[in-house]
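Student: Here is a sequence together with a model predicted from it:
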Amino acid sequence: MDNLNKELSVWDQIIVLSLIHHLQKTTPKDDLLGEQVTAYLRSIMDKSQNWLVYSMCLYVRSLNEFVRSKTKERSLLQLQSLIDQFNDKKPKAYERIKHYYSLYYPSFLELQKVNPVFFVLLLKSPLDNGRKVYGNWYDNEFIRIICQD
């Protein structure tokens, strides 16, 4: 029983994140994989003491949760907070990059590329529903509302 509650070292957490990355690349994407990734991430995030490991967990969780309709907004907010934290003063740079090469953490530009894609995908299903009900009028009205100052 003591082994179940034992804290993972930073290197153990990095290995688990590498396992998650491997599973995502080699396993078909389905609900079971999503639940497995969520369980691994929860075990790391509960006791993580490293900024980069925790940030990587948030990034993987945001990608994992975006496929579920109930957690899309939270996923988008997590991704935006990851982008915003690049401007934070703490932790210091040497703390942030301590395990950088051990993790596949995306660069600032890569995060900025993913963010608009998430926004578009978040709006896609309401737009499709509006088209079904209102037809072409809905597209024109939606564009007019968005482009207003």
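Tutor: Done, it's in.
Student: Let me see the contact set for the residue positioned nearest the centre of the chain.
Tutor: By CA atoms, centre = their mean, the mean C-alpha position of the chain lies nearest to Ser62, the distance being 2.1 Å. When contacts are counted by CB atoms under 8 Å, 6 or more residues apart in numbering, Ser62 touches 74-76, 78-79, 82. For the C-beta atoms, the positions are set from N, CA and C on the backbone; glycine is no exception.
Student: Among the residues you listed, pick out the one closest to Ser18, please.
Tutor: Distance to Ser18 across those (CB to CB) is lowest for Leu82, with 19.3 Å.
Student: for the host helix or strand of the closest one, packing partners?
Tutor: Leu82 is part of helix 72-84, with elements assigned from DSSP states H and E. Applying 3 or more CB pairs under 8 Å, 6 or more residues apart in numbering; DSSP states H and E, one finds that helix 72-84 contacts helix 51-65, helix 108-134.
Student: The residue nearest to the centre of the chain and Gln49, how far apart?
Tutor: 21 Å (CB to CB, to the nearest Å).
Student: before we move on, what about Arg68?
Tutor: 29 Å.
Student: Which residues belonging to the helix holding Leu82 are considered buried?
Tutor: 72, 75-76, 78-79, 82 (16 or more other CB atoms under 10 Å).
Student: Stretch 52-65 too?
Tutor: In stretch 52-65, counting by 16+ other CB under 10 Å, buried: 52-53, 55-65.
Student: Over to stretch 85-105?
Tutor: Quick answer for stretch 85-105 (16+ other CB under 10 Å): 96, 99, 102-103, 105.
Student: ok, residues contacting it?
Tutor: With CB under 8 Å, 6+ apart as the criterion, stretch 85-105 contacts 10-11, 14, 17, 21, 50-53, 55-56, 59, 108, 111.
Student: again, 6 Å this time
Tutor: 14, 21, 51-52, 56, 108 (CB atoms under 6 Å, 6 or more residues apart in numbering).
Student: and which of those is nearest Leu41?
Tutor: The closest of those, once distances to Leu41 are taken by CB to CB, is Met56, at 9.5 Å.
Student: Now do the contacts for the closest one.
Tutor: Contacts of Met56 (CB under 6 Å, 6+ apart): 17, 103, 105.
Student: From Gln24, how far out is the first one?
Tutor: Same thing as Leu17. 11 Å.
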